[in-house]
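Peer 1: Pasting the sequence and the predicted model now:
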Amino acid sequence: MEYIFEYEFEVRDYECDVQGIVNNANYQHYMEHARHRYIQTIGLDFMELTNAGVILVVAKAELQYKQPLKSNDKFVCRLNVKKEGIRYVFYEDIYRLSDNKLCTQGKFDIVSVINGRLKTSEIVDKALFGE
């Protein structure tokens with residue numbers, strides 16, 4: 001997959017479970033943080049969107065775990081986004097930096113709720129795709 005953005009992280013001890021590997025829920029946190037950083041780099045601001053009546057929400061999340069991350073592992077979350085109907089579909093992959101192994105794949109369907117209704121956001125479309 002071709003990626004348009006990446007963000008580096010390091011596993012913190014408290015993110016690991018009793019088995020010494022990252023708890024499954026933390027991968028979704030990593031991916032959300034990377035997505036939010038990407039959104040900021042393209043000039044979108046969640047507060048400004050909210051004030052304009054545009055709320056971006058996760059409608060569906062899918063994760064596939066391939067290799068575990070452990071405490072102090074450095075890793076990168078790489079992403080791409082496509083538009084499918086009214087959904088913004090983010091594809092996000094986490095790679096451990098020490099060996100470039102794919103650890104987790106994620107797919108997130110994001111929708112915009114505008115004044116209480118599911119609707120395409122011209123502001124978001126323009127920022128994401130130049131449309």
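Peer 2: Ah, there it is.

Peer 1: From now on I want contacts and neighbour counts done on CA atoms only, so please keep to that.
Peer 2: Fine.

Peer 1: Following the host helix or strand of Gln28 in sequence, what is the next regular element?
Peer 2: Assigned by DSSP states H and E, Gln28 falls within helix 24-41. As assigned by DSSP H and E, the chain's next helix or strand after helix 24-41 is helix 46-51.

Peer 1: Only alpha carbons, please: show that next one as PDB.
Peer 2: Coordinates of each C-alpha in helix 46-51 appear next as PDB, following Å, rounded to 0.1, in the frame of the first residue of the first chain:
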ATOM      1  CA  PHE A  46     -11.500  19.500  15.300                       C
ATOM      2  CA  MET A  47     -12.700  22.500  17.300                       C
ATOM      3  CA  GLU A  48     -13.200  24.600  14.200                       C
ATOM      4  CA  LEU A  49     -15.100  21.700  12.500                       C
ATOM      5  CA  THR A  50     -17.200  21.300  15.600                       C
ATOM      6  CA  ASN A  51     -18.000  25.100  15.600                       C
END
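
Peer 1: distance between that helix and the chain's centre?
Peer 2: How far helix 46-51 lies from its chain's middle: 18 Å, per C-alpha atoms, centre = their mean, to the nearest Å.

Peer 1: Sort out which residues of it are buried, please.
Peer 2: Residues of helix 46-51 classed as buried: Leu49 (neighbour count, 16 or more other C-alpha atoms under 10 Å).

Peer 1: now stretch 6-14
Peer 2: Glu6, Tyr7, Phe9, Glu10, Val11.

Peer 1: who touches it?
Peer 2: Residues outside stretch 6-14 that contact it (C-alpha atoms under 8 Å, 6 or more residues apart in numbering) are 22, 30, 34, 37, 69-79.

Peer 1: likewise stretch 98-106?
Peer 2: Stretch 98-106 is contacted from outside by 27-28, 31, 61-69, 73-75, 90-96, using C-alpha under 8 Å, 6+ apart.

Peer 1: among those, which ones are buried?
Peer 2: For the contacts of stretch 98-106, buried by 16+ other C-alpha under 10 Å: 27-28, 31, 63, 68-69, 73-75, 90-96.

Peer 1: quick check, nearest of the residues you listed to Val57?
Peer 2: In terms of C-alpha to C-alpha, no member of the buried ones among the contacts of stretch 98-106 lies closer to Val57 than Phe90, at 12.2 Å.
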